[in-house]
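In: Got a predicted structure here, sequence first:
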Amino acid sequence: MADPMKIRANLVGDATEVKVLMSHEMETGQRKDSQGKTIPAWFIQNVKVTHNDKVVLAAQWGPAVAKNPFVSFKFKGGAKGDRIRITWTDNHDDTRTDEVTIA
Amino acid sequence: MNAERREALRAGGALTLLTLVTAAGWLRPGEAAAADVWNKAAFETHSLEETMKALGGGTPAASKDIVFFSTPDIAENGAVVPIGITSNVPKTESIAILIEKNPNMLAAVFDVPPGTEPTLSTRIKMQQTSNVYALVKADGKYHVASKEIKVTLGGCGG
């Protein structure tokens, strides 16, 4: 199981600002190890952010997203105490879900 | 009664059950949102034209309503390049990041549902100095803006 995500969700004016830092190698499949063997690709493919079960951001990623991916965005309609849930799934079908409440 | 035959039947039965369970798990009823699909073809493209074809769009129109923010002109480390994109195109549905000279051009696609501001920032990897495209889908049409980011791997910043 991968390490937990670091998520912040703060009310800024009438919008909720979500910042998330995920813990993932994001191996591209382009690099070679010391024996010259290609290191297989291993990266997050899908990300979904929900606010009280409504999707507020959905993403498809390739291996060009940097290691330990960071995303920040804003949406309207959030209130203090609402639940933000973030799920990612990688190309090994490994998945992780974390949640926070809006502060 | 032939013991081997019984064994084979039992194994066959178990296999069918497994297939059913796998199929049910794969379908995941109610979870068929956009986030659960991964457009493999689009992530294996090498040019803007190919990417547009894989995404099912025509030639994107150059737009001044797409703005890069907190994005460097020169990135000292190609492994972590911050990219911020704001789309002022009305009815923005999705924002994609494309890097021209990466092995595969498409880096990420973000679906922006109504209520979410068409502004986001993330970090990407760049193999070398390249044009970076912000591709915006709005009201079914594609718009694009680009910015060159110089990558100075080697650490001397020069």
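Out: Perfect, thanks for sending it.
In: Report the separation between the two terminal residues of stretch A:31-40.
Out: One end of stretch A:31-40 sits 8 Å from the other (Cα to Cα, to the nearest Å).
In: So which bits of it are buried?
Out: Under the neighbour-count criterion of 16 or more other Cβ atoms under 10 Å in any protein chain shown, stretch A:31-40 has nothing buried. All C-beta spots, glycine's among them, are computed from the backbone N, C-alpha and C.
In: as a whole number, average confidence for it?
Out: Mean pLDDT, computed over stretch A:31-40, is 92.
In: For that stretch, give me every contacting residue.
Out: A:E27, A:G29, A:Q30 (Cβ atoms under 8 Å, 6 or more residues apart in numbering or on different chains).
In: can I assume the last one is in contact with B:P103?
Out: So the one you mean is A:Q30. Yes: the criterion here is Cβ atoms under 8 Å, and A:Q30 meets it with B:P103 at 5.7 Å.
In: okay, and the common contacts of these two?
Out: Contacts common to A:Q30 and B:P103, judged by Cβ under 8 Å, 6+ apart, are B:Q127.
In: Enumerate the residues of chain A near chain B.
Out: Selection of chain A residues close to chain B by Cβ under 8 Å from any Cβ of the partner chain yields A:15, A:26, A:28, A:30, A:45-48, A:55-67, A:69-77, A:87, A:89.
In: Now the buried members of those residues.
Out: A:15, A:26, A:28, A:45-48, A:55-67, A:69-75, A:87, A:89.
In: Can you flag which of those belong to helices?
Out: Among those, no member falls in helices (DSSP state H).
In: and the residue nearest to the spatial centre of chain B, what pLDDT?
Out: Centroid check for chain B by Cα atoms, centre = their mean gives B:A108 as the closest residue, at 3.1 Å. On pLDDT, B:A108 comes in at 97.
In: Direction included, what does the helix or strand encompassing it pair up with?
Out: Secondary-structure assignment from DSSP states H and E places B:A108 in strand B:106-111. Using DSSP bridges, strand B:106-111 pairs in its sheet with strand A:54-61 (antiparallel), strand B:92-99 (antiparallel).
In: ok, which residues in chain B are in contact with chain A?
Out: So chain B meets chain A at B:33-39, B:42-43, B:79-81, B:99, B:102-104, B:106-113, B:115-117, B:119-127 (Cβ under 8 Å from any Cβ).
In: buried stuff in stretch B:62-80?
Out: Counting neighbours by 16+ other Cβ under 10 Å, stretch B:62-80 gives B:S63, B:I66, B:V67, B:F68, B:T71, B:A75, B:E76, B:G78, B:A79 as buried.
In: let me redo that: stretch A:77-97
Out: Buried, per 16+ other Cβ under 10 Å, within stretch A:77-97: A:G78, A:I84, A:I86, A:T87, A:W88, A:T89, A:D90, A:N91, A:R96.
In: where does the chain dip in pLDDT?
Out: You didn't pick a chain, so chain A it is. A:1 (pLDDT under 70).
In: look at chain B instead
Out: Where chain B drops into low confidence, which here means pLDDT under 70, it does so at B:1-36, B:153-158.
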